[in-house]
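[1] just the structure for this:
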Amino acid sequence: MERLETTSALRPQPPAMSTGPALVDMAGVTKSFPGGTALHGVDFDVHLGEVHALVGQNGAGKSTLMKILGGLYPDHGGEVKISGQPARLTSPREAMRLGIAVIHQEFSLVPTLTIAENILLGHEPGHGPILRRQHIHTAAAARLQEFDLPLPLEQKVAAVGVATQQLTEIAKALSMRARVLVMDEPTARLSAPEKQKLFAIVRQLVSQDVAVVYISHFLEEIFEIADRVTILRDGRIVATRPASELDFRDVTSMMAGRETDGLARRTGRQPRNTRPVMLEINSLTREPFYRNVELSVREGEILGIGGLVGSGRTRLARAIVGVEPAAQGTIKITGRKVAPRSSGHALRLGIALLPENRKTEGLVLTRPASDNVAMMALQTTLAKRGVVRRRKRRTVVSELFHRLGIKPADPELDAQRFSGGNQQKIALAKVLAAGAKILILDQPTAGVDVVTKSQLHDVIRELAAGGVAILLISDEIEELLALSDTIAVMRGGTLIHTADAHNVDREGLLHLVTTGQTPGHRAGHALRDAPVSGPDKGESGCF
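    Modelled structure (predicted):
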């Protein structure tokens, strides 16, 4: 069995196991919700100067356990000790008082406040509102300087992208000078350089005897940063081991309760030029976000678009479905020129978007999951002449819950009651229910574990096999390679390369995404420019 290796330069050395009490010791922790029991007698601890990773499938109980530690769920069973003393974590404020800071998977930022105000929210300097405003920027800048973490402090959170919001959430936790720092999916929307900056911050904190609990679905991060790993499955501890004693397959097998395969490349592709063009865009431009973009997606094809955060991919997707206007260019659906005025209008034309941010754009969190799943389909298949077809609605919702393995299997629970990964499944179910023949999937597996990701990949492949044309936007190189028929790369608002996925390798694609340049010819893997143009051009280029 091949072990995923990391170098000592990248990974901190395991700390000597403390003979005294752990800084955090959670024993026999239980927690139940109306939909079922989330935690069954969980034991978990973390020591000074240690990174303890917590992994498991979506709904395994990871975030619930950390919300207990963060004071959000005081009505739990079991015992929590901080520095050997029993602690009553009755609120987030009480947890903060005991030195516990949590970076939650879902942001807790105030959009109308500046980044500086969010970073110091609840512990602002000074005694009056005027004095506080004068000192907030200075205090926030000083704290960020300690970690070399530049942020546009005067901008409001609502005006910045998801990646900057993620870094703001991290900076907010760092400003509390916590003894215990919980990071729940902290790199979900960070670029590769930003991830490495975060890892450097974690190592800096560990060297200062801060205890770090690290939750991530990116297992390569776990092997790079963690000293110990605890695997949760269905609310129970499966194992706690030193990271050096585990490999990728060990962890995925324990997460799933069975042997699992990696993300296999898609097979059985049809020749691209034998299929009709479903979506074609020509010279689509909206400065400064994207310019002169030309691409096409055929029936049953998955066209993957890679690029760094901010490369223009999401803005392009929003323009195609009419959420944002393009300044110039044309959009054609099955050869007919169209101009979608809104996402609803685009849906009636046969095209649907799974948005990047499920929390603010994909779901109504305070409504039942069933309402969310049926929302888009009410404009297509689930209503006739303004009358909802209730029986069909129940059937469609039930089938999608089963097909996507959404847990808990109760569609009448509010969407906010589901884990982040299951919320992502609900958002995908909402798009699937609409029955569109052209799908734009923007980060479709964001926040899901490796086992669930494999399941969702199967669903996406099934859609393509059924003739759906799919435009796939993903930050993950492996996902693009696993799913795509054709791969394109955007950089700085320009579509710089396209290629048949058969001719793409990981190293070449990663180099192009991160540098915008080809790495040149390598043995067996030539990388050359391919013209980016219409439906039958640029097919022979390879990475």
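
[2] residue 203 sits in which helix or strand?
    helix 192-207 (DSSP states H and E).

[3] just the angle between the helix or strand that that helix is followed by and helix 192-207, please?
    Counting by DSSP H and E, the next helix or strand C-terminal to helix 192-207 is strand 211-215. Angle, strand 211-215 to helix 192-207, by axes from the mean of the first three to the mean of the last three CA atoms, to 10 degrees: 150 degrees.

[4] in strand 211-215, what's buried?
    Applying a neighbour-count criterion of 16 or more other CB atoms under 10 Å, one finds 211, 212, 213, 214, 215 buried in strand 211-215. C-beta coordinates here come from the backbone N, C-alpha and C atoms, glycine included.

[5] any idea how far the last one is from residue 196?
    Okay, so that is residue 215. As judged by CB to CB, to the nearest Å, residue 215 and residue 196 stand 19 Å apart.

[6] other SSEs contacting the helix or strand that contains residue 439?
    Per DSSP H and E, residue 439 falls inside strand 438-442. Here strand 438-442 touches helix 313-320, strand 351-354, helix 420-433, strand 469-473, going by 3 or more CB pairs under 8 Å, 6 or more residues apart in numbering; DSSP states H and E.

[7] could you export the first one as CSV, CA atoms only?
    Think helix 313-320. Extracted in CSV, the C-alpha atoms of helix 313-320 (Å, rounded to 0.1, in the frame of the first residue of the first chain):
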residue,chain,number,x,y,z
ARG,A,313,-14.8,32.0,-14.2
THR,A,314,-17.7,32.7,-11.8
ARG,A,315,-18.4,36.1,-13.4
LEU,A,316,-18.6,34.4,-16.8
ALA,A,317,-21.0,31.8,-15.4
ARG,A,318,-23.3,34.4,-14.0
ALA,A,319,-23.4,36.3,-17.3
ILE,A,320,-24.3,33.1,-19.2
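
[8] got the phi/psi numbers for the closest residue to residue 251 other than its chain neighbours?
    Spatial nearest neighbour of residue 251, excluding adjacent residues (CB to CB, 6 or more residues apart in numbering): residue 219 at 5.8 Å. Dihedral pair for residue 219: phi -70, psi -30, per degrees, to the nearest 10.

[9] read off the pLDDT value for residue 219.
    Note on residue 219: pLDDT of 85.

[10] hmm, back to that, farthest-apart pair in the buried residues of strand 211-215, please.
    Across the buried residues of strand 211-215, no pair lies farther apart than 211 and 215, at 14.0 Å, counting by CB to CB.

[11] what's the burial count for residue 204?
    If you count neighbours by other CB atoms under 10 Å, residue 204 ends up with 14.

[12] and for the closest residue to it other than its chain neighbours, the neighbour number?
    Leaving out its chain neighbours, the residue that sits closest to residue 204 by CB to CB, 6+ apart is residue 147, at 6.8 Å. By other CB under 10 Å, 16 other residues sit near residue 147.

[13] then the one 5 residues further on?
    By the other CB under 10 Å criterion, the neighbourhood of residue 152 contains 13 residues.

[14] ok, now how distant is it from residue 246?
    39 Å.

[15] what does residue 62 give?
    Going from residue 62 to residue 246 by CB to CB gives 17 Å.

[16] what about the two, which has more around it?
    The residue with more neighbours, out of residue 62 and residue 246, is residue 62; 30 against 23, by other CB under 10 Å.

[17] list the contacts of the more buried one.
    Counting by CB atoms under 8 Å, 6 or more residues apart in numbering, residue 62 touches 54, 55, 56, 184, 215, 232.

[18] ok, now residue 87?
    80, 81, 98.

[19] helix or strand right after the strand or helix carrying residue 144?
    Residue 144 is part of helix 129-146 when elements are defined by DSSP H and E. Scanning forward in sequence from helix 129-146 by DSSP H and E, the next helix or strand is helix 162-174.

[20] next, the angle helix 192-207 makes with that next one.
    10 degrees.

[21] for helix 162-174, name the packing helices and strands.
    Checking 3+ CB pairs under 8 Å, 6+ apart, helix 162-174 ends up next to strand 100-103, helix 115-119, helix 129-146, strand 180-184, helix 192-207.

[22] now that helix: average pLDDT?
    84.

[23] please enumerate the strands of the stretch 251-400 of the chain.
    Along the stretch 251-400 of the chain, the segments classed as strands by DSSP state E, counting those that start in this stretch run 277-286, 290-298, 302-306, 328-333, 336-338, 351-354, 383-384, 387-388.

[24] how about those strands in a markdown table, adding mean neighbour count?
    Formatted as a markdown table, the strands of the stretch 251-400 of the chain follow (neighbours: other CB atoms under 10 Å):
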| stretch | mean neighbour count |
| --- | --- |
| strand 277-286 | 20 |
| strand 290-298 | 22 |
| strand 302-306 | 26 |
| strand 328-333 | 17 |
| strand 336-338 | 12 |
| strand 351-354 | 26 |
| strand 383-384 | 12 |
| strand 387-388 | 10 |
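
[25] so which of these comes closest to residue 40?
    Short answer: strand 351-354, nearest of the strands of the stretch 251-400 of the chain by CB to CB, at 33.3 Å.

[26] now that closest one: average pLDDT?
    Mean predicted confidence for strand 351-354 is 96.
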